[in-house]
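Chemist: here's my sequence, what's the structure:
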Amino acid sequence: MRRSLLFVMSLVVLCACRQGRMVGLVGKCSAGDGQACWDVAMIYDNGDGVPKDLAKAWPYLEKACRANHLRGCHEAALWLEYGAGVVEDRARAAEMFGETCERGYSKACAYAGDLYERGEYLAGGGVPRDLEKAERFYRKGCDAGEAFSCTSLQHLLRRQ
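Modeler: Here you go, the predicted model:
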């Protein structure tokens with residue numbers, strides 16, 4: 001009985017700590033802290049102490065990106081590309097990957113290049129095929145040491 005009571009009390013304390021952490025993160029996010037926005041988004045995305053809810057996570061990803069959290073921008077672009085928690089919008093995803101690449105997140109360069117290389121071949125369309133843009137993004141990623149960009153650039157140049 002005593003063990004059960006201690007277990008329940010531990011859960012209550014843990015829950016209260018998580019709620020307090022969440023409130024603190026939301027406040028920091030509202031003040032423009034991109035990392036805090038990212039943390040809140042991932043808490044909702046993973047269901048960490050709260051019900052998993054991509055619709056609640058999405059606004060925090062957008063806020064993280066606006067606060068220059070580049071991984072948040074990359075993740076938001078992925079969600080747009082695949083329609084995870086938001087309406088699929090590959091044109092916007094390509095734009096976000098490109099902007100994130102230009103801002104220095106090299107992993108996004110490969111994704112931008114890939115979307116522009118495949119272009120209208122994607123189901124749902126929305127991204128015009130543009131091999132010059134694809135090459136530019138692959139090259140930028142490769143110059144930053146992003147291996148997938150280098151491999152994709154080699155394949156693209158062989159086919160041209």
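
Chemist: so which elements touch the strand or helix carrying Ala91?
Modeler: Under the criterion of DSSP states H and E, Ala91 resides in helix 90-102. Where contact means 3 or more Cβ pairs under 8 Å, 6 or more residues apart in numbering; DSSP states H and E, helix 90-102 is packed against helix 70-82, helix 106-118, helix 131-143. (Glycine included, C-beta is placed from N, CA and C.)

Chemist: most tightly surrounded among those?
Modeler: Among the helices and strands packed on helix 90-102, ranked by average contacts under mean count of other Cβ atoms under 10 Å, first place goes to helix 106-118 (a mean of 24).

Chemist: and that helix, how far out from the chain middle?
Modeler: 14 Å (Cα atoms, centre = their mean, to the nearest Å).

Chemist: next: stretch 72-90.
Modeler: Distance, centroid of stretch 72-90 to centroid of chain: 7 Å (Cα atoms, centre = their mean).

Chemist: start and end of it, how far apart?
Modeler: End-to-end distance of stretch 72-90 (Cα to Cα, to the nearest Å): 17 Å.

Chemist: other residues contacting it?
Modeler: 34, 37-38, 41, 45, 54-55, 57-58, 61-62, 64-65, 92-93, 96-97, 99-100, 103, 105, 107-108, 111, 115, 122, 124-127 (Cβ atoms under 8 Å, 6 or more residues apart in numbering).
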